[in-house]
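show me the folded form of this:
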Amino acid sequence: MGVGALMDAVKSVSINGVRLALRDRQLAREYLSQGVRRYDELMGFGLRPLDPLDFLYEQGWAVRQPAERAELPVALKTPGGTRLDELLVLAVVARVLRPRKIFEIGTFMGRTTSVFVLNAPADATVVTMDLPFDVVVERDAPAYLATDVELVRQRSVGAFLT
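Coordinates of the predicted model:
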């Protein structure tokens, strides 16, 4: 990180942001990004936030039903790339749109898959695609990105669906 970039970062964050940057650069980037986004929202800069459900209703793809509820799995404290707010949006969209088929890429441990299963109609088909079950990390590592290899080491496919 150059001195100029560091000075810009220091200008826009608290001492907690600096502590985070010293501990983990990726987390610090996320923290800064969220801080800048929130600042822009408060100042009225950028695009106005859109509600995905309002969009679905405006398109005529779903009918508003105030009593409708979405479900999330209880065990959410596991690794995975989907944040809680994103899982909630996916749950609500699956509940409102009532899809007959759902295709997911990147199953990992099945957390997002479980959200689809819990919120799509009972007769819906949920198909997921992930790295092969029989990947031997030491043998197959050159064929995958380093981050994918690390995910293969951590995963427990279907952990949420059993």
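
contacts only, for Val126.
Lys101, Ile102, Glu104, Thr113, Phe116, Val117, Ala120 (C-beta atoms under 8 Å, 6 or more residues apart in numbering). Backbone N, C-alpha and C define where each C-beta goes, glycine included.

could you count how many residues lie near the fourth one?
Other residues near Thr113 number 23, with proximity taken as other C-beta atoms under 10 Å.

pretty sure it is touching Met129, no?
No: Thr113 lies out of contact with Met129 (C-beta atoms under 8 Å); the separation is 10.7 Å.

shared neighbours of the two, anything?
With C-beta under 8 Å, 6+ apart, Thr113 and Met129 have common neighbours Glu104, Thr107.

would you mind measuring from the residue lying closest to Ala28 once chain neighbours are set aside to Ile15?
Leaving aside its chain neighbours, Ala28 sits nearest to Ala21 (3.7 Å; criterion: C-beta to C-beta, 6 or more residues apart in numbering). Distance from Ala21 to Ile15, counting by C-beta to C-beta, to the nearest Å: 11 Å.

do the same with Leu72
From Leu72 to Ile15 the distance is 34 Å (C-beta to C-beta).

and Phe103, what are its phi and psi?
Per-residue torsions, Phe103: phi -120, psi 120 (degrees, to the nearest 10).

wait, a strand at Arg64?
No: assignment of Arg64 by DSSP: H, G, I helix; E, B strand; the rest coil gives coil, placing it outside any strand.

many thanks, we can stop here.
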